[in-house]
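**Q** sequence unknown, structure follows:
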């Protein structure tokens with residue numbers, strides 16, 4: 001059993017759960033039973049999430065509360081787009097709260113949340129769904145390797 005502390009460049013295997021302040025689970029590796037595996041500094045996690053992990057060792061369990069600026073950021077007004085409702089097919093009729101996939105020029109899909117529908121204008125929010133939210137980041141460190 002390795003007892004290396006987590007630091008930049010080390011490979012980490014961990015379970016994590018991201019919860020909102022009301023206790024609802026936004027994301028968790030425990031649901032799939034597949035822990036996350038990444039190398040510190042590879043861009044998998046933001047700097048603020050990584051900073052929570054530095055120094056933890058195999059077997060550690062911790063919980064961190066992160067403000068929006070330290071988690072997924074504040075919603076960016078530039079990430080709201082206004083789309084003519086005529087551009088939607090009958091199969092993809094927009095409804096407030098629905099998450100729709102929009103194909104980008106490079107062929108990838110970008111999820112957007114329908115925020116409001118006013119007349120022929122549909123407001124689509126392409127901010128991260130957790131932008132503006134305080135989150136609780138729970139981690140269970142499974143292994144740390146050089």
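**A** Looks like it came in fine. Just so you know, these numbers come straight off a predicted model, no measurement behind them. Numbering: from 1, shown residues only.
**Q** quick one, helices of the chain?
**A** Under the criterion DSSP state H, the chain contains helices at 29-32, 47-53.
**Q** mind checking which of those is nearest residue 115?
**A** Ranking those by proximity to residue 115 (C-beta to C-beta) places helix 47-53 first, at 26.0 Å. (Glycine included, C-beta is placed from N, CA and C.)
**Q** List the contacts of that closest one.
**A** Residues outside helix 47-53 that contact it (C-beta atoms under 8 Å, 6 or more residues apart in numbering): 6, 12, 14, 40-41, 45, 62, 64, 66, 70-71, 137, 139, 141.
**Q** Direction included, what does the worst-scoring helix or strand of the chain on mean pLDDT pair up with?
**A** When the helices and strands of the chain are compared on mean pLDDT, DSSP states H and E, strand 99-103 comes out lowest with a mean of 90. Sheet neighbours of strand 99-103, with direction, are listed as strand 109-118 (antiparallel) (DSSP bridges).
**Q** Can you check what pLDDT the model gives residue 9?
**A** With respect to pLDDT, residue 9 scores 97.
**Q** List the contacts of it.
**A** Residue 9 touches 39, 40, 41, counting by C-beta under 8 Å, 6+ apart.
**Q** Do I have it right that the second one meets residue 6?
**A** Yes. Between residue 40 and residue 6 there is a contact at 6.3 Å, judged by C-beta atoms under 8 Å.
**Q** From the neighbour counts alone, determine which of those two ranks first.
**A** Neighbours were counted for residue 40 and for residue 6 using other C-beta atoms under 10 Å; residue 6 has more, 21 against 17.
**Q** all strands of the protein, in order?
**A** Listed in chain order, the strands of the chain (DSSP state E) span residues 11-20, 25-28, 36-39, 61-66, 80-84, 99-103, 109-118, 121-125, 135-145.
**Q** List the strands paired with the last one, with their directions.
**A** Right, the one you point to is strand 135-145. When DSSP bridges is applied, strand 135-145 pairs with strand 11-20 (antiparallel), strand 61-66 (antiparallel).
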